[in-house]
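Enquirer: here is the input, now give the coordinates:
(2 chains)
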Protein chains: 2
Amino acid sequence: MAADNDFVKEITKKSVDFSAWYVDVVRKAELADYSPMKGMMVIRPYGYEIWELLRDPLDRMFKESGHRNAYFPLFIPESFLKKEAEHVKGFAPEVAWVTSGGGEVLEERLAVRPTSEAIICSMYAKWVKSWRDLPLLYNQWANVVRWEKVTRLFLRTTEFLWQEGHTVHATAEEAEEETLRMLGTYRKLAEEYLAIPVVTGRKSDSEKFAGAVRTYAIEMLMPDGKALQAGTSHNLGQNFAKAFNIRYESKEQKLEYAWQTSWGSTTRLVGALVMTHGDDSGLILPPRVAPIQAVIVPISAGNWKETVLPQAQKIFSDLKAAGIRVFLDDRDAYTPGWKYADWEMRGVPVRIEIGPKDIDKQQVVLVSRLDRKKSFVPWGTLRAELPRLLDQIQVDLYDKAKAFRDENTRDAGSYAELQEIMAGRRGFVRCGWCGGVDCEARVKADMAATIRVILDTPETGLGKCSVCGKEASHTVLFAKSY
Amino acid sequence: MAADNDFVKEITKKSVDFSAWYVDVVRKAELADYSPMKGMMVIRPYGYEIWELLRDPLDRMFKESGHRNAYFPLFIPESFLKKEAEHVKGFAPEVAWVTSGGGEVLEERLAVRPTSEAIICSMYAKWVKSWRDLPLLYNQWANVVRWEKVTRLFLRTTEFLWQEGHTVHATAEEAEEETLRMLGTYRKLAEEYLAIPVVTGRKSDSEKFAGAVRTYAIEMLMPDGKALQAGTSHNLGQNFAKAFNIRYESKEQKLEYAWQTSWGSTTRLVGALVMTHGDDSGLILPPRVAPIQAVIVPISAGNWKETVLPQAQKIFSDLKAAGIRVFLDDRDAYTPGWKYADWEMRGVPVRIEIGPKDIDKQQVVLVSRLDRKKSFVPWGTLRAELPRLLDQIQVDLYDKAKAFRDENTRDAGSYAELQEIMAGRRGFVRCGWCGGVDCEARVKADMAATIRVILDTPETGLGKCSVCGKEASHTVLFAKSY
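Expert: Numbering: from 1, shown residues only, chains lettered A, B, ... in the order given. Here you go, the predicted model:
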């Protein structure tokens, strides 16, 4: 077993240096790699397969709620970006500019889209004419570019993949409903597929999307006590409709400005997955988004190719036919022990061992990646047992992450308490807040923590602002964040 | 029926002005629209759904043949683009350049990828070490930018969506096999899904991909007698491996340069579909890639909402449950006649009419978009009959397109014959060719026609070069092209 230990040793321990562990796992499990383009990553097949497995159900949920995909240009003329004043102020500093094309210097420089409101709204102004055209529910899967000084694989990269929904409605109420509906969709994706519990709520004005009236977010708590914003949903009000002249004729034949929303989630979700569930041995993937849900490792002893391998192949075919994402590792060049450690590092939820003894007993050994617990399962019931174990791992991962999140969500009634927690184990800190930007700014300056969300359902008993001691108008969660 | 006629009148007749008809159909059927970014189009939901319906089976075929998706950066440093001499020469004139980002002028300008060999090969140089790493079979779904002076919705746009496969092999033979395998995949997609027959073959040196040893293509013949290149597959030999230093240790422990391929197909396929099958009334979509395969139009007469509509809804649910992409058009504001013309224009393969008389007879009327032939089908057999009709339409569309292609593929034994055909009905012209670049250039200068492919299986009886009269070394297809 010496090989295993050597192998695992190559990953920094999660408990020792979380940040180094993260990069080790992402690179060693071949999820992503650095590219020659500073700040831009390469998403390798294993990482991209995870992205596909979370993208597909999200896309399905979008379609089930009446949304349709479209595709808008990568480049946005500078004059369009400038139409909504807050929007350009927020995004201009991060823009990559195209200044020549086809061998000629351009008259107007072009922004590589950091987000697509400006180009999409210019089209909506053409397409939306009557109340009959509404609601207009479009989504786009695309790459965007935001110039970043400090980057981190998946979590913050100069280019990333995302979806951006852009909808148009006849009333303010419908726009708010849509904004919250899509926030709910993100929650569903996070909790049911990624097995990560989220807190949802509204952003403070200083944290909202440039050009939005209200921004809502799903926030996750990472094992280092820092929050990760993992999806945002914006009620744009009529800001863009007025800037781009998106008007419709109402049933009463009056010309009205439309109401809009936009919402997005990104490849950052893959990073959230890695951080939340992994351990010292590497990645742990929730079965619903695991490219390989179970790996079959035949024990290569004696004449295993004649005895063990055929049965391993049969099990592989059976499980594949049952719709399980299964892989048979019949490579000659590696020992079973080495394979165990390798697949553990890659986070495959279940290992299926089969050796000569198991052939005699007509069984396999299932090993859970979560706790390495073994179970002996007869061939005849494997097709039923394996999905059950996968479902159990999915639930256990969620419960574990939720327990951590709950343990690390604390109340702070005073500024001293808030400071103490932020200097220690961090996490989410629930505070009363007077709504003042000064109080918010003070926390940021003192502790580099921000309001992650204004909670949907304010808790009682936090009547005072934890910063200034005045009457609280909101209950908020403070945290340091990615 | 006056409304119908007015409606249809808005589309230029295909027989009168093919080019104007094409733009009318693309825009009126809401497949795509012009954007404020010159040369870049917006793909609207109906067009994007067609793209999804051809992308998904293609992606499935890639995966079934062992390919995995990955994602590489949008930007390529200029120095990387320059590493392969032919490659940069071919693409540099079309590149859009990013020269500033994050508020600073960049030290080195960045190409917005026109294709990704340069960035992908730089990663392969890191990843490929041993023969055990080969073959490496990756594909990427992405947007690319090639600056174009004259653009046309779907057919030629400054930005387009595509997939680009990039593979690495241990031997020249394997690379050639892969190149031809993927050409076959494109043929399958075109013929089985798009119902468009293709000619496959090798490109002449003057038409091959910049940096390739050999380029193969699938070529389609459009109704105006011009050819459309609809997918290319390149054997890159060791050109990029040598430029980027992609070497592997062979089984014999020798360091060898690898062999590579790349292959791509684009949103241009949607344009091919429109041109090939459409008619004076608009679009005709092959059922396998039709977002709506059948539209139910209830006849809105009398108390239809109590009598006809409930049965229409039941049929809708039944067909949807059977996996058919069906739409129920129960809009109040439009007459059945207007709806017929509208859905015909949008190319829906089958219309299902149901009115009061049909309720009495417990039947529906199926109308094929292809020939408007009506059939009366009892409710009880609709679930079986409709898929049969859809399959028949798929076959008929292919046969019709193939008959046109075959009729418009002619032999030219002399230069005069070639000129005569090119001045007349055009189409594919099969010629002998001596292999000389001068002969090829002369045809291009005189008739704006090029060698579309060197045929896989040379025909006999074309022993002389149709241009210079010398001994022919190849049989080729000349055509004008998009």
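
Enquirer: against which helices or strands is the helix ranked longest in chain A packed?
Expert: If you go by DSSP state H, chain A has its longest helix at helix A:379-407. Applying 3 or more C-beta pairs under 8 Å, 6 or more residues apart in numbering or on different chains; DSSP states H and E, we find helix A:379-407 packed against strand A:214-221, helix A:268-277, helix A:304-321, strand A:350-354, strand A:363-368, strand A:374-378. Backbone N, C-alpha and C define where each C-beta goes, glycine included.

Enquirer: contact partners for the residue of the stretch 201-350 of chain A found nearest chain B?
Expert: Chain B sits closest to A:Ala333 of the stretch 201-350 of chain A, with a gap of 7.3 Å, by C-beta to the nearest C-beta. Each residue near A:Ala333 by C-beta atoms under 8 Å, 6 or more residues apart in numbering or on different chains is listed here: B:Arg132.

Enquirer: SS state for it?
Expert: coil (DSSP: H, G, I helix; E, B strand; the rest coil).

Enquirer: quick one: buried residues of the following helix or strand past the longest helix of chain A?
Expert: For helix A:379-407, the following helix or strand on the C-terminal side (DSSP states H and E) is strand A:409-411. Under the neighbour-count criterion of 16 or more other C-beta atoms under 10 Å in any protein chain shown, strand A:409-411 has A:Arg410, A:Asp411 buried.

Enquirer: before we move on, back to that, now do the longest helix of chain A and helix A:268-277, the angle between them.
Expert: Comparing the axes of helix A:379-407 and helix A:268-277 via axes from the mean of the first three to the mean of the last three C-alpha atoms, to 10 degrees yields an angle of 90 degrees.

Enquirer: give me the mean pLDDT for helix A:379-407.
Expert: For helix A:379-407, the mean per-residue pLDDT is 98.

Enquirer: and for stretch A:197-210?
Expert: 95.

Enquirer: and the pLDDT at the residue lying closest to A:Gly103 once chain neighbours are set aside?
Expert: Excluding the flanking residues, the one nearest A:Gly103 by C-beta to C-beta, 6 or more residues apart in numbering or on different chains is B:Pro93, at 5.6 Å. Looking at B:Pro93, its pLDDT reads 93.

Enquirer: number of nearby residues for the nearest residue to A:Lys13 once chain neighbours are set aside?
Expert: Distances taken as C-beta to C-beta, 6+ apart place A:Asp280 nearest to A:Lys13, at 4.8 Å, with adjacent residues excluded. By other C-beta atoms under 10 Å in any protein chain shown, 12 other residues sit near A:Asp280.

Enquirer: please identify the buried residues of the longest helix of chain A?
Expert: Buried, per 16+ other C-beta under 10 Å, within helix A:379-407: A:379, A:382, A:386-387, A:389-390, A:393-394, A:397-398, A:401-402, A:404-405.

Enquirer: and the residues you listed as TSV, adding distance to B:Ser481?
Expert: Converted to TSV, the buried residues of helix A:379-407 look like this (distance: C-beta to C-beta, whole Å):
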residue	distance to B:Ser481
A:Trp379	59
A:Leu382	56
A:Leu386	54
A:Pro387	53
A:Leu389	57
A:Leu390	52
A:Ile393	55
A:Gln394	53
A:Leu397	55
A:Tyr398	56
A:Ala401	57
A:Lys402	60
A:Phe404	61
A:Arg405	60
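
Enquirer: looking at these, which is nearest A:Leu366?
Expert: Here the nearest of the buried residues of helix A:379-407 to A:Leu366, counting by C-beta to C-beta, is A:Leu389; it sits at 6.0 Å.

Enquirer: rewinding a little: adding distance to B:Ala322 and mean neighbour count, write the helices and strands packed on helix A:379-407 out as CSV.
Expert: Converted to CSV, the helices and strands packed on helix A:379-407 look like this (distance: least, C-beta to C-beta, whole Å; neighbours: other C-beta atoms under 10 Å in any protein chain shown):
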stretch, distance to B:Ala322, mean neighbour count
strand A:214-221, 37, 25
helix A:268-277, 35, 25
helix A:304-321, 23, 16
strand A:350-354, 35, 23
strand A:363-368, 38, 20
strand A:374-378, 37, 13
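
Enquirer: distance to A:Phe154 for these - can I get that in TSV?
Expert: Converted to TSV, the helices and strands packed on helix A:379-407 look like this (distance: least, C-beta to C-beta, whole Å):
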stretch	distance to A:Phe154
strand A:214-221	13
helix A:268-277	3
helix A:304-321	29
strand A:350-354	25
strand A:363-368	26
strand A:374-378	33
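
Enquirer: need these in JSON lines (columns: distance to chain B).
Expert: Shown next, in JSON lines, are the helices and strands packed on helix A:379-407 (distance: least, C-beta to the nearest C-beta, whole Å):
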{"stretch": "strand A:214-221", "distance to chain B": "23"}
{"stretch": "helix A:268-277", "distance to chain B": "11"}
{"stretch": "helix A:304-321", "distance to chain B": "13"}
{"stretch": "strand A:350-354", "distance to chain B": "22"}
{"stretch": "strand A:363-368", "distance to chain B": "26"}
{"stretch": "strand A:374-378", "distance to chain B": "29"}
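
Enquirer: wait, which of these is closest to A:Ala472?
Expert: It's strand A:214-221; of the helices and strands packed on helix A:379-407, that one is closest to A:Ala472 (C-beta to C-beta) at 19.7 Å.

Enquirer: residues in contact with the closest one?
Expert: Counting by C-beta under 8 Å, 6+ apart, A:176, A:179-180, A:183, A:186-187, A:190, A:196-203, A:207-209, A:227-235, A:237, A:272, A:276, A:404-405, A:408-409, A:427-428, A:452-453, A:477, A:479 sit against strand A:214-221.

Enquirer: so what are the sheet partners of that strand and their directions?
Expert: Counting by DSSP bridges, the strands paired with strand A:214-221 are strand A:199-202 (antiparallel), strand A:227-237 (antiparallel).

Enquirer: export the shortest one as CSV, just CAs?
Expert: When you say that, I think you mean strand A:199-202. Extracted C-alpha coordinates of strand A:199-202, given in CSV (Å, rounded to 0.1, in the frame of the first residue of the first chain):
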residue,chain,number,x,y,z
VAL,A,199,-29.0,31.1,2.0
THR,A,200,-31.1,33.3,-0.2
GLY,A,201,-31.8,37.0,0.2
ARG,A,202,-31.5,40.4,-1.1
